[in-house]
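Participant: need a 3D model of the following:
(one chain, ligands or ions: 1)
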Amino acid sequence: MPVPVLLVAGFLGAGKTTVVNHLLAHAQGKRIAAVINDFGAINIDAELIAGASDGVVSLSNGCICCTLEGDLLRTLATLLRRDPRPELIVIETSGVADPADIVRNLMDPVIWQEAPLDTVLCVVDATQPAEKLNDALLRSQLRAADVVALAKVDLVDAAHHAGMRDAVRALRPAAVIVDAVHGEVPATLLFPADLDRAPTPRETGPRQPVLDRFETLSWTSERPVRLPQLQQAIGRLAPKLARAKGLFETVEQPGRLMVFQLAGGRATLAPGGAPAPDTPRSRIVFIAEMGALSRGEIDSTMEGCVEAG
Ligand SMILES: Nc1nc2c(ncn2[C@@H]2O[C@H](COP(=O)(O)OP(=O)(O)OP(=O)(O)O)[C@@H](O)[C@H]2O)c(=O)[nH]1
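Facilitator: Numbering: from 1, shown residues only. Reported below is the predicted structural model:
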């Protein structure tokens, strides 16, 4: 039996992992394998994914539309050899990925026979100004989509919500547009209804040169973070950041992880699980436009957030 593929695209911090998590949590016994591509060197997303019944494969430190495309194809081959086979493979692209090349790769006739690309879901951060959709990368992500999920609509008023919906519809009239509060997208839009149906031919435009647009800097420490100092540091760094996320212990509450997220200009902290053995106590990935941040700035700023060792 072929295993359908759901490709989840969308800009940095749009809400992709949240959608994938929701899907996995409501899998209703289906065997779903998840392939998670984190642009940063630390695979934080994979750790935040819980409950993939057929396992999570993490591809980090690069982008599957650029440097890691061979890794993606090898990963698919491995998943397809599993016994029993998964019933669905979800691929979460990194936020800097242009899905055009991934779609092109998945359209390869050999892969198509075994793992046909069923649905491309593009997650859009509805809190952003509608003009952001004019960005070439976001347009390319939208152009590939069968379904567009407007994430974070709980944070916007009705007028902004309607404006965003109209802007998406104008750019991608063919897509189904749905709201996705905290990742909730109707499963009927994501699970294939009919496996025998003919594959939908897809247009793929020219790929956006993403790798030379963003860079990622990771910071790790064996010491816990001091929360007030971290909040100040993030406040200073935030204007230069496109995205940041981290998992760390704090001096205030050692022995349990906090999840830090900076997405679309909003910073949040939430309790995480127990620290995993053999991983640094503090890990943060910073993503910025090329040249906006330096290693020295990250190291000196973050060094002030841990207790002197
Ligand atoms: N209030 C609210 N927050 C959301 C919603 N969806 C996602 N978030 C938050 O937005 C932040 C980014 O969400 P993720 O799902 O990690 O975004 P992502 O697209 O996977 O991020 P990258 O993989 O780094 O590109 C997290 O703090 C989420 O909790 C939503 O519908 N409402």
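
Participant: assign whatever residue of the stretch 151-300 of the chain ends up closest to the ligand to helix, strand or coil.
Facilitator: Taking C-beta to the nearest ligand atom as the measure, the point where the stretch 151-300 of the chain comes nearest the ligand is Q261, at 3.3 Å. Quick note: C-beta positions are derived from backbone N, CA and C, even for glycine. The local conformation at Q261, judged by DSSP: H, G, I helix; E, B strand; the rest coil, is strand.

Participant: roughly how far apart are whichever residue of the chain sits closest to the ligand and D135?
Facilitator: Using C-beta to the nearest ligand atom, G95 is the residue of the chain that sits closest to the ligand, at 2.7 Å. From G95 over to D135 the distance is 12 Å, taken as C-beta to C-beta, to the nearest Å.

Participant: of these two, who's got more company?
Facilitator: More neighbours sit around G95 than around the other of G95 and D135, counting by other C-beta atoms under 10 Å; the figures are 28 against 13.

Participant: is it fair to say the more buried one lies in a strand?
Facilitator: No. When the secondary structure is assigned by three-state DSSP, G95 falls in coil instead of a strand.

Participant: what does the pLDDT read for it?
Facilitator: In the predicted model, G95 carries a pLDDT score of 91.

Participant: just list the residues touching it, thanks.
Facilitator: G10, F11, L12, G13, A14, K16, F39, R243, I287 (C-beta atoms under 8 Å, 6 or more residues apart in numbering).

Participant: same thing but 6 Å
Facilitator: Contacts of G95 were listed using C-beta atoms under 6 Å, 6 or more residues apart in numbering, and they are F11, L12.

Participant: and if you look at V3?
Facilitator: With contacts defined as C-beta under 6 Å, 6+ apart, V3 is in contact with R85, P86, I89, A115.

Participant: try T17
Facilitator: Shown in contact with T17 (C-beta under 6 Å, 6+ apart): D45, L48.

Participant: what number of residues lie near R139?
Facilitator: Using other C-beta under 10 Å, the number of residues around R139 comes to 16.

Participant: so where's this protein uncertain?
Facilitator: 50-54, 60-61, 64-67, 193-211, 309 (pLDDT under 70).
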